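1. model the structure of this input:
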Amino acid sequence: MRSLRVRLFAILLVATGLIWLSAVAWIYLSSKWEVEHFVDTQLQEAARMVVSVVDKVDNASTGRTPTTLGSPTGYQRQIACQIWSLSGSLLARSSEAPAHRMSDASSGFSEREVNGDTWRVFTVEDPEKGIRVMVGDRIGLRERLVTDLVRSFLTPVLFVVPLLGMLIWVSLGRGLRPLRRMTRDLEARDADDMRAIDAGRAPAEVRPLADALNALFLKVETARRHERTVTAFAAHELRTPLAGLKTQAQVAMATPDPSVAKAALRQILTAVDQTTRLVRQLLDAARLDAEVDGGPLTDVDVGALIAETVQGMRVSEGIRTVVDPRLRGFKMRGDPESLRLAIRNLHENAIHHMSTGTVEWGVRPSGTAFFIRDEGPGIPEEEMPHVTTRFYRGRHKSTSGSGLGLAISEMAARRSGAKLRLRNRQDRSGLEVELAAA
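-> Predicted structure coming up:
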C-alpha cells in the first residue's frame, strides 16, 4: 500500500470500526444489565402488588379449579403470575403462566425450565394469608429485548458508516493538500533552482520535511558553488605554470647556449613541482570533501609520520628541519591517513614560506599535542581567522603557494578528531601550528 492517503484512510476506517464494535459490545452488556435490573424490579413490584390484593381471590377450597387472572397490557403481558397455597395447591394464575409450578423456591429469585422455556421467577410468601405468589418472565424474552435495542442502534450505523468513510476520505485529501502543493512546486523547478521552500503556511507535521529539504538545497548549492570555485581556481592556477612550461621548453629547444638550455630545464622542473603540488592538494581537498567521516580512530605513531614526511620532502639548502627526540614513539588517537595529510601539508606550508631558517617539530609537556614552528613572516593577526579558508592567500603569500595547505590541514585534523590552533611566535617572526587531541 504505497499511497499515504489510502493507508491513512484504511487505518482510520479500521480504528473507527473497532470503536463502533466496542461501543456495540458496551451497549449490549450495559443494556442487558439494565434490562435485567429493570425486569427484576418489575417482578418484585408485581409480586408484592398481587400479595396485597390476594384477598380478592377465592382460595377457600383447594380442590377448586384455579382462577385465571386478567390479562395485563404492554410489556406486563409477558409477565406470568401464579398463586399457590402453602399446602401446594394452585389457586390462581395469569393467562401467560404455565400450569406447572414455575419455581420450587419459597422466596426470592430463582430460575427454572418449564415446558422448554427458562423462567426467572420472584417468589413472595405470606404465612398469614397462607399463600405463595410467583411472578416471572422468560429469559428468552429478555435476550430479545436487548437484541432489539442493539439492532435499533446498529440500523443508523449502516447509513452513518459510508457517510463517515466519505468524510474521512475528503478530509484526508484536504489535509494532504500542502504536500501536493509542495510536490507541484518542486516539479515545476529546473535543476538550478535551489530556492528555499516556503513553509510559512505549512502544517506543523509538514514543516520539518520542508526545513529538511531547504537544508539539503543549501548544502547542494554550497557544494556546487564550492565546485565552481575550485574549478575556476584550478583553471587559473594551472594556466600560469603550464604557460611557463611551454615557454621554457621553447627556450630550451631554440637556444644554442647549453647554459641557457639548462636554466630553462631547471625552470621546467620547478614548474612541474609546483603543478604537481597544486594537483595533489586539489585531489586531497576533493577526497576530504567526499569523506563524510574519517576512518576508525586508533593510536597513531605521530613521530613516525613526522619522520616519514621530513625524509621524503626535498628542501632548499638554506632550510633545516629539527625534530624533538621526544616525538619518537609519541602517539595520538586519530585517523592515520588524516594525520599524515595534515602533517605533510603543515610541513610543506612551513618550508614554502621560508627561504632560510629552521623548521621545528616538537611536543607539548602535557603529551596531548604536538606542534610545528617556522621562521617565516608569520600571519597578520587580522588574517588569522581566514587562513584556513580555501584559496585564501594573505599578505605574505608564497609564489608557489595555492592557499590550500592550512585549509587541508584543518580539514584533515577535524576528520581525525583533532584540533588545529595557529599563533604567531613571540620570540621571533614565524608561525606556530599546534595539533591537539579534541
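2. give me the residue ranges of the stretch 101-250 of the chain where confidence is low.
-> Regions of the stretch 101-250 of the chain meeting the criterion pLDDT under 70 cover residues 200, 230, 233-234, 236-237.
3. and the strands in it?
-> Secondary structure of the stretch 101-250 of the chain, counting by DSSP state E, counting those that start in this stretch: strands at 108-114, 117-126, 131-138.
4. ok, then the element right after the host helix or strand of residue 289?
-> Per DSSP states H and E: residue 289 is located in helix 258-290. Of the helices and strands lying after helix 258-290 in sequence (DSSP H and E), the nearest is strand 298-301.
5. who's in contact with the residue nearest to residue 331 when sequence neighbours are not counted?
-> Excluding the flanking residues, the one nearest residue 331 by CB to CB, 6 or more residues apart in numbering is residue 299, at 4.7 Å. Glycine gets a C-beta too; all of them are placed from N, C-alpha and C. Residue 299 is in contact with 331, 332, 333, counting by CB atoms under 8 Å, 6 or more residues apart in numbering.
6. could you do residue 51 as well?
-> Residue 51 makes contacts with 124, 126, 129, 131, 133, as judged by CB under 8 Å, 6+ apart.
7. rewinding a little: of the contacts of residue 299, closest to residue 419?
-> Proximity of the contacts of residue 299 to residue 419 (CB to CB) peaks at residue 332, which lies at 11.4 Å.
8. just list what the helix or strand where the closest one lies packs against, helices and strands only.
-> Per DSSP H and E: residue 332 is located in strand 331-334. Secondary-structure packing of strand 331-334 (3 or more CB pairs under 8 Å, 6 or more residues apart in numbering; DSSP states H and E): strand 298-301, helix 302-311, strand 431-437.
9. now do 10 Å
-> Judged by 3 or more CB pairs under 10 Å, 6 or more residues apart in numbering; DSSP states H and E, strand 331-334 is in contact with strand 298-301, helix 302-311, helix 336-352, helix 405-415, strand 418-424, strand 431-437.
10. most neighbours per residue, which of these?
-> For those, average neighbour numbers computed from mean count of other CB atoms under 10 Å are highest in helix 405-415, which has a mean of 24.
11. quick one: it to helix 258-290, angle?
-> 30 degrees (axes from the mean of the first three to the mean of the last three CA atoms, to 10 degrees).
12. packing partners for helix 405-415?
-> In terms of contacts (3+ CB pairs under 10 Å, 6+ apart), helix 405-415 is packed against helix 258-290, strand 331-334, helix 336-352, strand 418-424, strand 431-437.
13. and of these, who's closest to residue 4?
-> Closest approach to residue 4 among the helices and strands packed on helix 405-415 (CB to CB): helix 258-290, 34.5 Å.
14. now the helix or strand residue 6 falls within: how far from the chain's centre is it?
-> For residue 6, the enclosing helix or strand under DSSP H and E is helix 4-53. Counting by CA atoms, centre = their mean, to the nearest Å, helix 4-53 is centred 42 Å from the centre of its parent chain.
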